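# Could you look at this predicted model? Sequence included:
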Amino acid sequence: MPIETLPLIDHHCHGISPAQLDWKQFQALFSESYRPPPPGTNEFQKPLGLAIRSFCAPLLDLEPHVSGEAYVEKRLALGAAEVNRRLMRTSHLDCLIVDTGHRSSAIHSFEETGALAGRPAHEVVRIEAIIEEVAATGVSAENFARAFADRLAERSAGAVGLKSIVAYRCTFAIPQSAPAPAEIVKAVGAWMKASQAAGKFRIGDPTVIRHGLWVGAEICRAKKLPLQLHVGFGDPDIYMHACDPTHFTDFIAAMEKWQVPITLLHNWPFLKEAQWLSEVFENVYYDAGVILNYGAAESENILREALQIGKFQKFLFSTDAFGLSELYYLGAFLFRRAFQRILDSWIRDGFCSAKDADEIAALVARTNARRIYQGV
Amino acid sequence: MPIETLPLIDHHCHGISPAQLDWKQFQALFSESYRPPPPGTNEFQKPLGLAIRSFCAPLLDLEPHVSGEAYVEKRLALGAAEVNRRLMRTSHLDCLIVDTGHRSSAIHSFEETGALAGRPAHEVVRIEAIIEEVAATGVSAENFARAFADRLAERSAGAVGLKSIVAYRCTFAIPQSAPAPAEIVKAVGAWMKASQAAGKFRIGDPTVIRHGLWVGAEICRAKKLPLQLHVGFGDPDIYMHACDPTHFTDFIAAMEKWQVPITLLHNWPFLKEAQWLSEVFENVYYDAGVILNYGAAESENILREALQIGKFQKFLFSTDAFGLSELYYLGAFLFRRAFQRILDSWIRDGFCSAKDADEIAALVARTNARRIYQGV
Amino acid sequence: MPIETLPLIDHHCHGISPAQLDWKQFQALFSESYRPPPPGTNEFQKPLGLAIRSFCAPLLDLEPHVSGEAYVEKRLALGAAEVNRRLMRTSHLDCLIVDTGHRSSAIHSFEETGALAGRPAHEVVRIEAIIEEVAATGVSAENFARAFADRLAERSAGAVGLKSIVAYRCTFAIPQSAPAPAEIVKAVGAWMKASQAAGKFRIGDPTVIRHGLWVGAEICRAKKLPLQLHVGFGDPDIYMHACDPTHFTDFIAAMEKWQVPITLLHNWPFLKEAQWLSEVFENVYYDAGVILNYGAAESENILREALQIGKFQKFLFSTDAFGLSELYYLGAFLFRRAFQRILDSWIRDGFCSAKDADEIAALVARTNARRIYQGV
């Protein structure tokens, strides 16, 4: 069965926005920037914008390549609920594994998001979100560690994995051992004091995050959950050079000893480094995530780079979609399209048989995810 | 109108050499090395050498693929003036934006260079050249800041932008705030003393360069000029790993607040990083510059990498040509050829319409440059 | 003569295993990991596994794409000696330049390895192996430098080059000058004490390795030998981000002054950086080595990246094969196949003539290696 018709496990995505999105709001949801594009320009003027106009438009009963303005107008006319239903049903996902730790009040819950796709959804708990949630309760620095451990255990109870965004909160170029209790109390205290003054709990302190990571790692070890690590492309306020996942080699190696699967997310522009880690560490899995959407017109070449040496039994599918149902649909569509072309070229060039290609597709579509995410 | 026939704004180039160039001199002008190639070899034995022999030869009334020796001989026979005129006129440039701060005594002025192309030329002032020029006047360290500010303002009066080569003088991995007055005096004093002893004013001190950058940035802010930053491929005496532009994130973010456009030049091997910066920062523009010439035979694949996620309204054309009119001609020829092929493949694959492709081409050929360079 | 039929100088490989390799042992020899793949998976589930099943199987009288299990079974039935002979003879190598410093007791000697290929073999001496060998003799820290210098000179007597694995023992991000005698004694003493306690001499100390490098460099300078540097992809216990060869710019520049050729090995994921070094430094050569095997199905695209700006007179062929004769055969087969396709496309696109392509192929196949390795 070719990958074009295989249901895919989306092992990393977010919830869908139920909102009626206007011209400005719609664009903001497919931009990684805090700011609008320069005056006189718009977000449709990039590869992802072309892809929405080309491939999503027909699902809204529009001609391919309609203008961005016409697309947004029709989306409003049909209504977000109808658009979300059409795009999600056409994505042919097997199930959704949803990170619920990002702007969760603005989007559908993971169960609702799954319902729109007509498929089961599972939760991944973001460690940093729990750190912030616990800190905001007003717990003392001394009691933080216990309260955090309890809350993370509780939230993880029904989850299929944990996730950390250490890369964009303080980069991977940090110490990687578990901090000592006294260090934790001191770092938590300083951060909470600053946060209370600022009226906002946004964790960026590397000691507190490292503590969160190691507490999360122990849960993963005990419950046989994978730990997702965001890599590369993502928030604007990062130092990209220090988001190279090979800066995190010591932590990854420690998790290998614990037999905790690490799933490296997105990885662009570090796709080669992620593959190398999947080759040398038994526990490392990776995907190409959000970059196939952003690099739409070149997604086949990007996926080729992601598969240079990559182990077929370590590569996962994800959309990293957030908010727009377009991003789920395109993520699945562009991945299937690119992967099918690549496998076809490998068959043509004698590198594999049609049966091999089917087996590779099955691994990536579902088997690999099922090996590490329990019950999906 | 396809990009093959669109006049291009070359937003970053240098002057043309008027000299009759012999075998050794001609090769030196298409090498990034301080030294000749190993004995028994020559510079034609690389992709750029092939491209000169293949695509420039016919403009000198030679067969494609003539030997390098025959090419240089014919070039001398026709005379540099005639060769420069033929190649520049065939480049179909709209206008030239010329960095005048590099070995300017050895080449035509920017006005003369434009005249050879039969098109207008505009000046970009290199901050480091002004630092060196002012230091060489013998000004005291205490008076340097004032003299530099005056001279930079004066030289910028007719310019369409400023440029810094901080990347190859002291890398991007430096502090990025404006230095304090006392620091500046101290750093200028130490550098001038060392320079007077050496008899050569070549600025490499990060404090002095940072000062220059911030003074330049204030001019850009006040006069709405873009600031060009050299990235990656360039001088031999650099530490390439520290020329990753994401090391300069803090400065770039500060310029976003000031609404100063930053144009990242060349960017190879950091083309992906440059695109990411163009996605997340409103003020970041980028090009692929000189690398399309050096990677001639693979220029289509290089340009594909440069366009993976790149915003069409942020991408610029440049040749970074210096000295040889061949480099202007090939820069324009290879860019047009590669871009046309890429756009054609996107149309074929359904990612855009022919009208979209024309609009993208128009943005890159001229519209984007006109948005940030006033009066071009 | 097309590169498909040109005998190739393999300028960097290792010895062949004479052992009868079972299912587990065979897989271990085409993995870079210390561990087996996850339960339920195997090493054939990656591009290199596909290539063995596709292209080596017919040489063992099997159909292409047979299962990994069937391949290993037939390999055992034919016997390692017969398999090695078949694969090596079909590799069409001109000669082998063999690094003898890695697990040499488990594999054929370099002479025996050459004999299996029916071609001459030459030795490259690994500096770190000699450091470890001398330390294990029980020499005192004070006498180490002399004993090491003597032994390295002795072992280099018949060698065609030296090699260092500084990148994966302590990264390239280290001081690069020759350490002072007192520093060396101190560092050697500390390392030998720790090694005696551990019962294992594995050199990782940067001061001791730097000393070894500079002693090796002096021999290279005096005897006109090239110095090979391992770059990037390799051992699992490295920090990949610090294996970027541009971290070693100062040492490379020092070797340029001494006219010692540096050959950068493998270079993935730093293929662009290696090319840049070959452009700016007269003494830098590079290859794509082991990555064409690991990235088998995408080897043409990988080689295209390796040839973007690379100087044709600086690029070398190698397999980096260790243990399995499959890796020599595939290394040569995939390189020839990819290079031929690339050159053909360059001819088709007008970038070079058929004669140019033949000349480029000849440079890479043998001429470049002969320029720097004496007597090969």
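That came through fine. Please read all numbers here as calculations on a predicted model, not as lab measurements.

# Which residues of chain A lie near chain B?
Within chain A, the residues that sit near chain B (Cβ under 8 Å from any Cβ of the partner chain) are A:31-38, A:40-41, A:45-48, A:50-51, A:53-55, A:64-65, A:233, A:236, A:238-241, A:268-269, A:291, A:294-298, A:301-302. All C-beta spots, glycine's among them, are computed from the backbone N, C-alpha and C.

# are any of the residues you listed buried, and which?
A:31, A:33, A:37-38, A:41, A:45-48, A:50-51, A:53-55, A:65, A:233, A:236, A:238-241, A:268-269, A:291, A:294-298, A:301-302 (16 or more other Cβ atoms under 10 Å in any protein chain shown).

# The nearest residue to A:A117 once chain neighbours are set aside: which element?
Sequence neighbours aside, A:M88 is the residue nearest to A:A117 in space, at 4.1 Å (criterion: Cβ to Cβ, 6 or more residues apart in numbering or on different chains). Secondary structure assignment for A:M88, by DSSP states H and E: helix A:80-89.

# cool, and A:L162?
Assigned by DSSP H and E, A:L162 falls in strand A:161-164.

# Ok, A:D94 next?
According to DSSP H and E, A:D94 maps onto strand A:93-99.

# contacts for that strand?
Applying Cβ atoms under 8 Å, 6 or more residues apart in numbering or on different chains, the contact partners of strand A:93-99 are A:7-15, A:110, A:113-114, A:117, A:119-124, A:126, A:160-161, A:163, A:228, A:328, A:332, A:365-366, A:369, A:373, A:376.

# now stretch A:197-206
Under Cβ under 8 Å, 6+ apart, the answer for stretch A:197-206 is A:128, A:131-132, A:135-136, A:166, A:169-170, A:174-175, A:187, A:190-192, A:195, A:209, A:212.

# Please see if the longest helix seen in chain A touches chain C.
As assigned by DSSP state H, the longest helix anywhere in chain A is helix A:325-348. Yes. Helix A:325-348 comes into contact with chain C (Cβ under 8 Å from any Cβ), by way of A:W346.

# tell me the angle that helix makes with strand A:93-99.
Orientation of helix A:325-348 against strand A:93-99 (axes from the mean of the first three to the mean of the last three Cα atoms, to 10 degrees) gives an angle of 120 degrees.

# C-terminal to helix A:325-348, what's the next element?
helix A:354-362.

# Output the helix or strand following that next one as CSV, restricted to C-alpha atoms.
Downstream of helix A:354-362, the first helix or strand assigned by DSSP H and E is helix A:368-372. Taking Å, rounded to 0.1, in the frame of the first residue of the first chain, the C-alpha atoms of helix A:368-372 are listed here in CSV:
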residue,chain,number,x,y,z
ASN,A,368,7.7,3.6,14.6
ALA,A,369,5.3,5.8,16.6
ARG,A,370,3.5,2.7,18.0
ARG,A,371,6.8,1.3,19.1
ILE,A,372,7.4,4.2,21.5
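
# Give me the contact list for helix A:368-372.
A:9, A:11, A:97, A:161, A:226, A:261, A:263, A:285, A:313-317, A:376, C:38, C:40.

# Helices of the stretch 1-150 of chain A, start to end?
Assigned by DSSP state H, counting those that start in this stretch, the helices in the stretch 1-150 of chain A fall at A:23-28, A:47-51, A:68-78, A:80-89, A:110-117, A:127-135, A:141-156.

# What angle do helix A:127-135 and the longest one make with each other?
With the same axes, to 10 degrees applied, the angle from helix A:141-156 to helix A:127-135 works out at 130 degrees.

# Any buried residues in helix A:141-156, and which?
A:141, A:144-145, A:148-149, A:151-152, A:155-156.

# Name the residue of the stretch 51-200 of chain A with the shortest distance to chain B.
A:H65 (4.1 Å; Cβ to the nearest Cβ).

# Isn't that residue up against B:F351?
No. Contact criterion Cβ atoms under 8 Å: A:H65 and B:F351 do not qualify, at 9.3 Å.

# How many residues are close by A:L162?
Per other Cβ atoms under 10 Å in any protein chain shown, the neighbour tally for A:L162 reads 29.

# Wait, it touches A:A129, no?
No. Using Cβ under 8 Å, A:L162 makes no contact with A:A129, being 10.6 Å away.

# Show me where chain A dips below the pLDDT cut-off.
A:1 (pLDDT under 70).

# Distance from the strand holding A:L162 to the middle of the chain?
10 Å (Cα atoms, centre = their mean, to the nearest Å).

# what's the answer for stretch A:287-307, then?
14 Å.

# on that earlier part again, name every strand pairing with the strand holding A:L162 and say which way it goes.
strand A:121-126 (parallel), strand A:227-231 (parallel) (DSSP bridges).

# Give me the contact list for the last one.
Contact with strand A:227-231 is made by A:12, A:99, A:124, A:161-168, A:216-217, A:220, A:243, A:245, A:248, A:255, A:260-267, A:270, A:274, as judged by Cβ under 8 Å, 6+ apart.

# List the buried residues of that strand.
So, applying 16+ other Cβ under 10 Å, buried residues of strand A:227-231: A:227-231.

# Please convert the residues you listed to a markdown table, extending it with distance to B:L21.
Shown next, in a markdown table, are those (distance: Cβ to Cβ, whole Å):
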| residue | distance to B:L21 |
| --- | --- |
| A:L227 | 60 |
| A:Q228 | 58 |
| A:L229 | 54 |
| A:H230 | 52 |
| A:V231 | 48 |
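
# Now the two most distant members of those residues.
Pairwise distances across these peak at 12.6 Å for A:L227 and A:V231 (criterion: Cβ to Cβ).

# can you pull out the strands in the stretch 201-350 of chain A?
A:227-231, A:262-266, A:284-287, A:315-316 (DSSP state E, counting those that start in this stretch).

# With distance to A:S104 added, can I get those strands in TSV?
Shown next, in TSV, are the strands of the stretch 201-350 of chain A (distance: least, Cβ to Cβ, whole Å):
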stretch	distance to A:S104
strand A:227-231	16
strand A:262-266	18
strand A:284-287	22
strand A:315-316	23
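
# rewinding a little: contacting residues for the residue nearest to A:A117?
A:M88 neighbours (Cβ under 8 Å, 6+ apart): A:16, A:116-118, A:325, A:328-329.

# same thing but at 7 Å, please
A:116-117, A:325, A:328 (Cβ atoms under 7 Å, 6 or more residues apart in numbering or on different chains).

# got the angle between the helix or strand hosting A:E183 and helix A:127-135?
Using DSSP H and E, A:E183 sits within helix A:181-198. Angle, helix A:181-198 to helix A:127-135, by the same axes, to 10 degrees: 70 degrees.

# Closest residue of the stretch 51-200 of chain A to chain C?
A:A173 (8.5 Å).

# returning to what we had before: neighbouring contacts of the helix or strand just after the strand holding A:L162?
From strand A:161-164 onward toward the C-terminus, using DSSP H and E, the following helix or strand is helix A:166-170. With contacts defined as Cβ under 7 Å, 6+ apart, helix A:166-170 is touched by A:128, A:172, A:203-204, A:206, A:209, A:213, A:229-231, A:234-235, A:238, A:243.
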